[in-house]
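Chemist: this one's sequence-less:
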């Protein structure tokens, strides 16, 4: 039984949902993180021209407006019940620098580890290399943007740190099993879970 179903039974007469936010007449509710910002933009859009909404979003450095029915994305590092402190710092850095990926040496130096020590940390806790894991984060973000926005593949290529659309498409097809264009055309599955994509096989050749 899902959370909304359990809540419905516990509080009869109230309709629960799994949306990011809900605007129901004079009743407003939302999840955490940056979602209140997206709810505010949705409220503005009901009363003002889209140009004004876009202007406010730009001022707040909000790259896109998320709809109420979208799924909330949880950072990879926070999905681990117990994360080694230095590894957590590196994962946070990776999440914050997808558009311009940081060199592995810089990541290691930031947490005062050698490159080899950082590689061992990833293998021990995440069964992956730092480069493979970083690439996965970028491809996952690319897939979210393909599925949930109308941004062009050229824009998504740049936003996810790839040097060219050819490079992006090659990596995407290799690890997602489908081209970016074809994946977008398939739409968003009902039970879409972006982080369910498998990591590339161990030893796979990577292009940073």
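Modeler: All right, it came through fine. No experiment lies behind these values; they were computed from the predicted model shown.

Chemist: where's residue 28, which helix or strand?
Modeler: strand 27-30 (DSSP states H and E).

Chemist: okay, now the domains of this structure?
Modeler: 3-59, 76-196 (automatic domain parsing).

Chemist: so where do the helices sit in this protein?
Modeler: For the chain, helices defined by DSSP state H occupy the ranges 3-10, 35-47, 50-59, 85-96, 104-110, 115-126, 130-148, 153-159, 165-176, 180-185.

Chemist: for the protein, what helix or strand is lowest in average pLDDT?
Modeler: Each helix and strand of the chain was given a mean pLDDT (mean pLDDT, DSSP states H and E); the minimum falls on helix 3-10 at a mean of 52.

Chemist: Mean neighbour count and distance to residue 29 added to the helices of the chain, as CSV?
Modeler: For every residue, glycine as well, the C-beta is placed using N, CA and C. Output for these, formatted as CSV (neighbours: other Cβ atoms under 10 Å; distance: least, Cβ to Cβ, whole Å):
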stretch, mean neighbour count, distance to residue 29
helix 3-10, 11, 12
helix 35-47, 16, 9
helix 50-59, 13, 21
helix 85-96, 17, 26
helix 104-110, 16, 38
helix 115-126, 15, 35
helix 130-148, 20, 21
helix 153-159, 17, 30
helix 165-176, 17, 34
helix 180-185, 15, 31
